[in-house]
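Undergrad: Dropping a prediction and its sequence here:
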Amino acid sequence: MTANGNHSLKVSISVVSHDPQILNEVAQNPILRKVLLSELDIPQRYRGEILAESRFLIGNHFLEGKFDFRGFVSARWDQRFPRWPKLSTINVLFEDLKLATSSRTFFAPNCKRLRESQVNLWVKSQDIFHPGMTALVEELIDFNRISFNTSDTYNLVMGNNFILPATIAEDFLKFWHESFSYLEMKYGLDFPFEYRCHKCGFNSSQGVDRWSRDRHAGFLLERLSALYFLSRPELVPLQHQNGRISHVGKEPFYRGHGVAQKLQAVTMRAFGLHKSCRIRHEGLDAGRH
């Protein structure tokens, strides 16, 4: 569909959800394409919740039709990103863009610009909530021959919420498919990482609280998407702030996801706190086996 304000700019944003009720609540907008994940035409082994939202990337659903920009966003966009335009008015993101200068720009509401040391810290921090995840992320870095050096600033995009120029969308999906094929050939969909409670430090192979094993592969596949953007430091992320579009700046300081929680968990274990939390996890874990 054509974005308002620039009649030559064609935009398609796929809004995905597991829940038909949530999807039905998304406002109507001609540039939005609602996708109920359970109805995707994909091989049987990828159906269900195991890949979470990343099952949308199986096949070429993301690239259907001819568009200048393609989006992959959650149906909960309005709740997750209140500072951004709502899906009903998301057209405003494209009103000031010119095709001649937008081939390297993209939108991602959860994007940070990191230095090399911060990227390395992010990689190491993956084991805090998911023991074993860091080794898998490092394996994907090696597989894709990604290198980080101090001269660049890197794009960290967390979660499947981004809007890309068509050529970047094609490159992203190629990267994702090749990496996913490598992972599946080596591990199937049972990737070797576990789960850790950030409160009591309890480890489980079956999942902890909302980090359920039902969506096990999806947790790693979100990191796979993040690695694509980290591998493309020349791309320019845009943000919507105070009603205006601007470039995303560097993070002045970035500890990595969950470092503070890790310190909290160490303290709580040292003083015997959150025993009831651990007992609850142990009971649930025993019931799963």
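TA: Now that the structure is in, tell me what you want to look at.
Undergrad: Pull out the buried residues from stretch 151-168.
TA: 152-166, 168 (16 or more other Cβ atoms under 10 Å). Glycine gets a C-beta too; all of them are placed from N, C-alpha and C.
Undergrad: The residues you listed in strands, which ones?
TA: Of these, the ones assigned to strands by DSSP state E are 154-157, 162-165.
Undergrad: just those residues now: which is nearest residue 243?
TA: residue 163 (17.8 Å; Cβ to Cβ).
Undergrad: wait, isn't that closest one in contact with residue 70?
TA: Yes: in this structure, residue 163 is within contact of residue 70 by Cβ atoms under 8 Å, at 7.1 Å.
Undergrad: Which strands or helices does the helix or strand where residue 15 lies pack on?
TA: Assessed by DSSP states H and E, residue 15 sits inside strand 11-17. Applying 3 or more Cβ pairs under 8 Å, 6 or more residues apart in numbering; DSSP states H and E, one finds that strand 11-17 makes contact with strand 32-36, strand 69-74.
Undergrad: What strands flank the longest one, and is each parallel or antiparallel?
TA: In other words, strand 69-74. strand 11-17 (parallel), strand 162-165 (antiparallel) (DSSP bridges).
Undergrad: Make a markdown table from those and add mean pLDDT and distance to residue 199 to it.
TA: Converted to a markdown table, the strands paired with strand 69-74 look like this (pLDDT from 0 to 100; distance: least, Cβ to Cβ, whole Å):
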| stretch | mean pLDDT | distance to residue 199 |
| --- | --- | --- |
| strand 11-17 | 97 | 29 |
| strand 162-165 | 96 | 31 |
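Undergrad: Wait, residue 106 touches residue 168, no?
TA: Yes: if you go by Cβ under 8 Å, residue 106 and residue 168 touch, sitting 6.2 Å apart.
Undergrad: Which neighbours do these two have in common?
TA: Contact criterion Cβ atoms under 8 Å, 6 or more residues apart in numbering; residues shared by residue 106 and residue 168: residue 235.
Undergrad: returning to that earlier point: which residues does the strand holding residue 15 contact?
TA: 1-3, 23, 26, 31-37, 53, 56, 61-62, 64-65, 67-77, 87, 90-91, 94, 160, 163.
Undergrad: out of the buried residues of stretch 151-168, who's nearest residue 232?
TA: residue 155 (6.7 Å).
Undergrad: give me every residue that touches that closest one.
TA: 108, 111-114, 229-230, 232-233, 235, 237, 248.
Undergrad: Now do it, the pLDDT please.
TA: Residue 155 is assigned 96 on the pLDDT scale.
Undergrad: Quick check: bridge partners of it?
TA: residue 113.
Undergrad: separation between it and residue 218?
TA: Computed as Cβ to Cβ, to the nearest Å, the residue 155 to residue 218 distance reads 21 Å.
Undergrad: Also residue 59?
TA: 17 Å.
Undergrad: what does residue 80 give?
TA: For residue 80, the distance to residue 218 - Cβ to Cβ - is 16 Å.
Undergrad: higher neighbour count, these two?
TA: Neighbour totals were compared for residue 80 and residue 218, and residue 218 leads with 18 against 14 (other Cβ atoms under 10 Å).
Undergrad: element containing the more buried one, please.
TA: Going by DSSP H and E, residue 218 is part of helix 216-230.
Undergrad: quick one: average pLDDT of that helix?
TA: Mean predicted confidence for helix 216-230 is 97.
Undergrad: first to last residue in stretch 95-113, what's the distance?
TA: Criterion Cα to Cα, to the nearest Å; first-to-last residue distance in stretch 95-113 is 24 Å.
Undergrad: now do stretch 187-204
TA: OK, stretch 187-204 end separation, Cα to Cα: 19 Å.
Undergrad: Now do the same for it: mean pLDDT, whole number.
TA: Mean pLDDT, stretch 187-204: 88.
Undergrad: Could you give me the buried positions within it?
TA: For stretch 187-204, a neighbour-count test (16+ other Cβ under 10 Å) marks 189, 191, 193-202, 204 as buried.
Undergrad: Can you tell me which of those residues is nearest residue 145?
TA: Comparing these against residue 145 with Cβ to Cβ places residue 191 closest, at 20.9 Å.
Undergrad: quick one: least confident helix or strand in the protein?
TA: helix 259-270 (a mean of 50; mean pLDDT, DSSP states H and E).
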